[in-house]
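Student: need coordinates for the following:
(2 chains)
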There are 2 protein chains.
Amino acid sequence: MKTYRYPAKSAWKSMTRRPVIQREELSAIVQEIFQQVQQNGDRALLEFSRKFDDSDLETVAVSNDEIKAAEKMVSKDLKAAIVQAKQNITLFHAAQQNKIEKIETTAGVICWRENRAIEKVGIYIPGGTAPLFSTVLMLAIPAQLAGCREIVLCTPPDQNGNINPAILYAAQLCGVSRIFKAGGAQAVAAMTFGTESIPSVNKIFGPGNQYVMAAKEYAQRFGVAMDMPAGPSEVLVIADENAIPGFCAADLLSQAEHGSDSQVVFITTDERIFDQTIEETERQLKELSRNEFAGQSLANSHFIVLNSMEEALEFSNLYAPEHLILAVNSFEKYIPNVQNAGSVFLGNYSCESAGDYASGTNHTLPTNGFANSYSGVSLDSFVKKITFQHLTEEGLENLGNTIEIMAEAEGLMAHKNAVTIRLKSRQ
Amino acid sequence: MKTYRYPAKSAWKSMTRRPVIQREELSAIVQEIFQQVQQNGDRALLEFSRKFDDSDLETVAVSNDEIKAAEKMVSKDLKAAIVQAKQNITLFHAAQQNKIEKIETTAGVICWRENRAIEKVGIYIPGGTAPLFSTVLMLAIPAQLAGCREIVLCTPPDQNGNINPAILYAAQLCGVSRIFKAGGAQAVAAMTFGTESIPSVNKIFGPGNQYVMAAKEYAQRFGVAMDMPAGPSEVLVIADENAIPGFCAADLLSQAEHGSDSQVVFITTDERIFDQTIEETERQLKELSRNEFAGQSLANSHFIVLNSMEEALEFSNLYAPEHLILAVNSFEKYIPNVQNAGSVFLGNYSCESAGDYASGTNHTLPTNGFANSYSGVSLDSFVKKITFQHLTEEGLENLGNTIEIMAEAEGLMAHKNAVTIRLKSRQ
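Tutor: Just a heads-up that it's a prediction; the model follows:
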């Protein structure tokens, strides 16, 4: 880990820098995969599964029998946990529904917005070491609340051609309409173009490795939207003298175990907390099962002492962390200072894993500094807000002259004429 | 124009296709421009201005004197029109502010969202034949309402090194903090990296040619967000037997005059309205000053008769138009059927130009079929919605076991431990 005591502000900018992602090489590979899937559909997917997942599938579709069997394989405890998490996520996201509010901006001119679900959405769930059924909840629940007509899920199979039962259980519980065994850029290509089995979608969500990310970006060229750009996961913990070093260390490590490229930043205003948190982190690291990842990502972590909470928040806003933990007593007074962050955890008992799984907030959040301009996934991510306007004849009379003058000044005479012809018809 | 009477549904998909944008060639040019601006800052911008704008500038910054002089050059009528438009746009966008609503998802677990302005935003306004001061209103007003700290505007100068006074007037009226003479991909590069004069920003908004669009996409690699992908502007008009052919024709032409690649679609359920609207369109076209554009874009337009309003809306949803005009009497009953559109204009007196300028809705809208997944610009486009959560000790007690079970099932033991260590400390 890298430690800093009272670094000069001039050094902050370089301390907030993320590792550079090499992108140029990927685009040729992704382009080739898209071409294969567009031309050969399911056949290409089955071939990629043999090649990349070491899995010999007969079909990409998950059958109803597989889903039913999965339900039996998930323990009663895990089912109950998933159901409680679903309840909380549903409560929080359902409250994000907007009411329609009609605004009469000028007499006879009424404007409003209405939400419409994005019709078809795709969810990508990575395979690999951790079966991310929690991400299924985070994406399928708001999709279903929004009213998306088709919710498609793609995830790579294991070597036996199976999908983790918890993923299948969560998917059917949260209204996923169809589940497919497809991973990587090829899954994104399939949801972009559609294949014999997999429907094309309007927007693709979900985490993944750099190939998946590059594929989601590439899909935009074919009219498919994506949730947000992504990079490695991050946490920034700010601790004052009331923080509990063991808790802080546990939070830092829970971020570090995500992968060797995870970003971990610890800031405190208290020298004692600084030393003790470093000690605790090293102690707890030894007990961790995934400590090869955690150890590597801790090697790149920043442990920083700063002069004041104000400085700590200034640094945090510059960094724009995906997750921000305020392990301080009187967190209320610092909330207005939080400008750039994905999700914020307040006080000593709000650990990041609460939000990762079950508090109700969404865990799909902006990384890589994008928290300075992007929000995390919410109900909004699954709808379009369409504006409507109705001008009565009187409305156009009240506003017409203004429109005519502006259109003429922009040199757009047909825009002006669309008003003039209507006003004249009333005389 | 292309006319279709009762086309088979199997033909619809190809009728909704947009012209393909060639993108590959652009990226090398844009990359080179970005490199120049990153290395040479203002000097590169001045050179590009000589080359592309035929303008010999001494500095890229617009002075206060220039802004004051501009105010005197804008007519009293145009100022009054801009002020009325500003009022309506302000009213409509101010109503988009969310109240904070705290949700207790589990006893002791409180979650909510708070809006934070994106700190620094950039607005690009194209030069060319039409001085788009209306777009200044559409982007600067919500930026100011959101509370953006820095609102930067770039627009190319004319051959004399000047900017259209209406653009300068609108910019200062709507709280733009700094205005610069820079156009094209180089302006986007300047707002991405910053130069000696131009500050870097977090998100870039505004229309532009294909170089500007490619530049906005490229800027994302450097952590700068963009409003939305873009293509040529579009209108789809649906007319029933109560529509007024002269009005419909005027609306179609006001779209067609935007440029030769504008997309114009007319659908009616009435043969008489069909014939008369075609006639009226040809008649009005002859009177238009920009009819070289309008004529070209009309050549690619679709005029379609369909059997019913239901079919017309089905076609429209497949097309996903930027602007949808429902020139029908009982438009209320069709509103729920509108699934994919940027902005909708209801009845015979709601011409598109009302929304383009002054009704209050935003005219920065998704094109190219992206209305099936994107919303137009709104107050939301200028804020991040940060989630906050506070778990009391009791809150974690109520939720802790669920988190532990889920974390363990995903194989993330450090996530589990962040809960366990806290629960244990209370025993």
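Student: can you confirm A:His390 is in a helix?
Tutor: No: if the criterion is DSSP: H, G, I helix; E, B strand; the rest coil, then A:His390 is strand and not within a helix.
Student: so what's the residue count around it?
Tutor: Summarising burial for A:His390: neighbours were counted as other CB atoms under 10 Å in any protein chain shown, giving 24. To be clear about C-beta, it is placed using only N, CA and C from the backbone, and glycine gets the same treatment.
Student: burial count for the residue lying closest to it once chain neighbours are set aside?
Tutor: The spatially closest residue to A:His390, leaving aside those adjacent along the chain, is B:Leu346, at 4.2 Å (CB to CB, 6 or more residues apart in numbering or on different chains). B:Leu346 has 21 neighbouring residues, counting by other CB under 10 Å.
Student: give me the beta-bridge partners of B:Leu346?
Tutor: According to DSSP bridges, the partner residues bridging B:Leu346 are A:His390, B:Leu326.
Student: on the pLDDT front, check it for me.
Tutor: As predicted, B:Leu346 sits at a pLDDT of 98.
Student: check contacts around it.
Tutor: With contacts defined as CB atoms under 8 Å, 6 or more residues apart in numbering or on different chains, the neighbours of B:Leu346 are A:Phe388, A:Gln389, A:His390, B:Leu326, B:Phe331, B:Ile335.
Student: please enumerate the helices of the stretch 151-300 of chain A.
Tutor: Remark: helices of the stretch 151-300 of chain A, listed N- to C-terminal, are A:165-173, A:184-193, A:210-219, A:245-256, A:271-286, A:291-299; assignment by DSSP state H, counting those that start in this stretch.
Student: could you pull out the buried residues of the fourth one?
Tutor: Of the residues in helix A:245-256, those buried under the neighbour-count criterion (16 or more other CB atoms under 10 Å in any protein chain shown) are A:Pro245, A:Gly246, A:Phe247, A:Cys248, A:Ala249, A:Ala250, A:Asp251, A:Leu252, A:Leu253, A:Ser254, A:Gln255, A:Ala256.
Student: assess the claim that the last one and A:Ala299 are in contact.
Tutor: No: with contact defined as CB atoms under 8 Å, A:Ala256 and A:Ala299 do not form a contacting pair (9.6 Å).
Student: what angle sits between the lowest-mean-pLDDT helix or strand in chain A and helix A:271-286?
Tutor: The helix or strand of chain A with the poorest confidence is helix A:291-299; it has a mean of 81 (mean pLDDT, DSSP states H and E). The directions of helix A:291-299 and helix A:271-286 differ by 150 degrees, with axes from the mean of the first three to the mean of the last three CA atoms, to 10 degrees as the criterion.
Student: about what we covered before: neighbour-wise, which of the contacts of B:Leu346 leads?
Tutor: Taking other CB under 10 Å as the neighbour criterion, B:Leu326 ranks highest of these with 31 neighbours.
Student: and A:Glu314, what is it in contact with?
Tutor: With contacts defined as CB under 8 Å, 6+ apart, A:Glu314 has no neighbours.
Student: and if you look at A:Gly223?
Tutor: Contact analysis of A:Gly223 by CB under 8 Å, 6+ apart lists B:Asn368, B:Gly369, B:Phe370, B:Asn372.
Student: show me which of those residues neighbour chain A.
Tutor: B:Asn368, B:Gly369, B:Phe370, B:Asn372 (CB under 8 Å from any CB of the partner chain).
Student: closest to B:Arg17 out of these?
Tutor: Proximity of these to B:Arg17 (CB to CB) peaks at B:Gly369, which lies at 8.8 Å.
Student: could you count how many residues lie near the closest one?
Tutor: Other residues within reach of B:Gly369 by the criterion other CB under 10 Å amount to 21.
Student: want to throw the helices of the stretch 151-300 of chain A into a markdown table with distance to chain B?
Tutor: Shown next, in a markdown table, are the helices of the stretch 151-300 of chain A (distance: least, CB to the nearest CB, whole Å):
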| stretch | distance to chain B |
| --- | --- |
| helix A:165-173 | 6 |
| helix A:184-193 | 12 |
| helix A:210-219 | 8 |
| helix A:245-256 | 4 |
| helix A:271-286 | 7 |
| helix A:291-299 | 6 |
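Student: which ones are touching the spatially closest residue to A:Ile198 that is not a sequence neighbour?
Tutor: Nearest-residue entry for A:Ile198: A:Ala190, 4.4 Å, with adjacent residues in sequence omitted and distances by CB to CB, 6+ apart. Residues counted as contacts of A:Ala190 (CB under 8 Å, 6+ apart) are A:Val37, A:Gly41, A:Leu45, A:Val60, A:Cys154, A:Phe180, A:Ala182, A:Ile198.
Student: what's near enough to touch A:Leu252?
Tutor: Residues counted as contacts of A:Leu252 (CB under 8 Å, 6+ apart) are A:Val235, A:Val237, A:Val264, A:Phe266, A:Thr277, A:Thr281, A:Leu298, A:Ser301.
Student: not counting its neighbours along the chain, what's nearest it?
Tutor: Leaving out its chain neighbours, the residue that sits closest to A:Leu252 by CB to CB, 6+ apart is A:Val264, at 5.1 Å.
Student: same check on A:Pro321?
Tutor: The shortest distance from A:Pro321 to any residue that is not its chain neighbour, by CB to CB, 6+ apart, is 3.7 Å, and that residue is A:Leu236.
Student: what number of residues lie near the one you found?
Tutor: Applying other CB under 10 Å, we find 26 other residues in the vicinity of A:Leu236.
Student: over to A:Gly175?
Tutor: A:Gly175: 13 surrounding residues under other CB under 10 Å.
Student: next: A:Asn307.
Tutor: That count, for A:Asn307 with other CB under 10 Å as the rule, works out to 9.
Student: neighbours around the residue lying closest to it once chain neighbours are set aside, how many?
Tutor: Distance criterion CB to CB, 6+ apart; nearest residue to A:Asn307, sequence neighbours excluded, is A:Tyr6 at 6.4 Å. Applying the criterion other CB under 10 Å, we find 9 residues in the vicinity of A:Tyr6.
Student: and the pLDDT for A:Tyr6?
Tutor: We have a pLDDT of 97 for A:Tyr6.
Student: which one of the contacts of B:Leu346 sits closest to A:Val176?
Tutor: The nearest member of those to A:Val176, counting by CB to CB, is B:Ile335 at 29.3 Å.
Student: residues contacting that closest one?
Tutor: By CB under 8 Å, 6+ apart, the contact list for B:Ile335 reads A:Glu114, A:Phe388, B:Val344, B:Leu346.
Student: try it again at 10 Å.
Tutor: Remark: with contacts taken as CB atoms under 10 Å, 6 or more residues apart in numbering or on different chains, B:Ile335 is in contact with A:Glu114, A:Ile386, A:Phe388, A:His390, B:Leu313, B:Leu326, B:Val344, B:Leu346.
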